[in-house]
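**Q** I'll drop the sequence and a predicted model, then ask my questions.
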Amino acid sequence: MIGNWIKKLLGMPDSNELKSFLERKAIIIDVRTPAEFKEGNVKGSLNIPLDKIGAQVSKIKTMQKPIIVCCRSGARSGQAASMLKSSGIEVVNGGPWQNVAAAIKA
């Protein structure tokens, strides 16, 4: 498990915030590479690699839903969350994709 101080450093939500986003039918975007995504992912998540997020902001805005970004450790998803927030998108860094998958099952 990731320590609370690391979660705060990476801008990851507490479990209640993540649960709230999931209850509101947030779209989950995995920002890992396609190869990493194929190794395992959250069922139903979209794969938009971090280096493509900037070019997809307009498309993401049209989804008109809150966004949860995830990756392998939470670092890349933290970068993606910052980019999306600065574009006015309601987003939260879900951290590792396994954490998001576990939150869905909880």
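**A** Everything's here; your move.

**Q** can I assume residue 26 is in contact with residue 68?
**A** Yes - between residue 26 and residue 68 there is a contact under CB atoms under 8 Å: 4.8 Å. The way it works is simple: take the backbone N, C-alpha and C, and place the C-beta from them, glycine included.

**Q** neighbour count winner among the two?
**A** Shown here are residue 26 and residue 68; by other CB atoms under 10 Å, residue 68 has more neighbours (28 against 21).

**Q** Residue 89 - that's part of a helix, no?
**A** No - in this structure, residue 89 is coil, not part of a helix, as judged by DSSP: H, G, I helix; E, B strand; the rest coil.

**Q** So it versus residue 102, what's the distance?
**A** Taking CB to CB, to the nearest Å as the criterion, residue 89 is separated from residue 102 by 24 Å.

**Q** If you count surrounding residues, which of these two has more?
**A** Applying other CB under 10 Å to residue 89 and residue 102 shows that residue 89 carries more neighbours, namely 18 against 13.
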